[in-house]
Every structure is written in C-alpha cells, then in structure tokens.
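> one predicted model, sequence on top.
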Amino acid sequence: MPDYLVMSTHPNTLPHRLDLKVGAVCAIQRNLSVEKGLVRNARVCIMSLHRRFVEVHIPQTEEIHCLPRITCAFNPPCSSWTVNRKQFPLRPAYATTFNGSQGLMS
C-alpha cells in the first residue's frame, strides 16, 4: 500500500520528492527576496548541495545565494489534520510558458 502522505498533494504546495544535482537549472517556487532577484520562476543554477541549504547562482547577475529549506503546511481533503513539508523552494526548470516568464525580463 503506497504511503498516503507521499501521494497527497495540494495546489501551490511543493511536491514530496525533489531530485537535485550540482549544475542543474531550477526555478524558484516562492518569492524569497525581490531585492536579490530571488523571485518566483527565476532561473538559478545549483552550485552545491547541503543538508539545510542549497547554494545557487543566478546566471543573469552571477550572484551566489543560499536558499534555505522552507516549511509548507496544508490540510488534505476530507481530513482534520495538517501536513507539514520541509523542502527547498525549487523545481526543475525544463521550460516555461510565456505568461510564467513575464516580469523576469529586464
């Protein structure tokens, strides 16, 4: 029987499993710092992986930043309990839509 917590998803919630490796291009899932350019759908390249943070650099500015793990909480449908997931706010960036890229160009 599959694990219920692994299968449960919610809109705007990070997935249960995230496979990362050094050199991968990812997109940020949350607005972390507008001043530093760490905004939603911004492309970053992974420099190094650590247990509690990921070191990334933004290709357009060549700046290096550390992204911490964040906690996402959601209530599964038809339940009275809350699921807390702690994960890096990243997803693989294979492609993006035109609407998703607006606001990223300068």
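Cool, got the structure. Numbers count the residues shown, from 1 in each chain.

> would you mind measuring from the closest residue to L90 other than its chain neighbours to C66?
Leaving aside its sequence neighbours, L90 sits nearest to C26 (C-beta to C-beta, 6 or more residues apart in numbering; 4.2 Å). Quick note: C-beta positions are derived from backbone N, CA and C, even for glycine. C26 is 14 Å from C66, where distance means C-beta to C-beta, to the nearest Å.

> what do you get for V54?
Noted for V54: a distance of 7 Å to C66, by C-beta to C-beta.

> between those two, point out the one with more neighbours.
Between V54 and C66, counting by other C-beta atoms under 10 Å, V54 is the more crowded of the two (22 against 12).

> adjacent strands (with direction) for the helix or strand harbouring the more buried one?
Assigned by DSSP states H and E, V54 belongs to strand 53-58. Within its sheet, strand 53-58 is paired with strand 43-49 (antiparallel), strand 63-68 (antiparallel), according to DSSP bridges.

> with mean pLDDT added, can I get those strands in a markdown table?
A markdown table is the format used below for the strands paired with strand 53-58 (pLDDT from 0 to 100):
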| stretch | mean pLDDT |
| --- | --- |
| strand 43-49 | 94 |
| strand 63-68 | 94 |
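
> can I get those strands in CSV with distance to T82?
As requested, those are exported to CSV (distance: least, C-beta to C-beta, whole Å):
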stretch, distance to T82
strand 43-49, 28
strand 63-68, 21
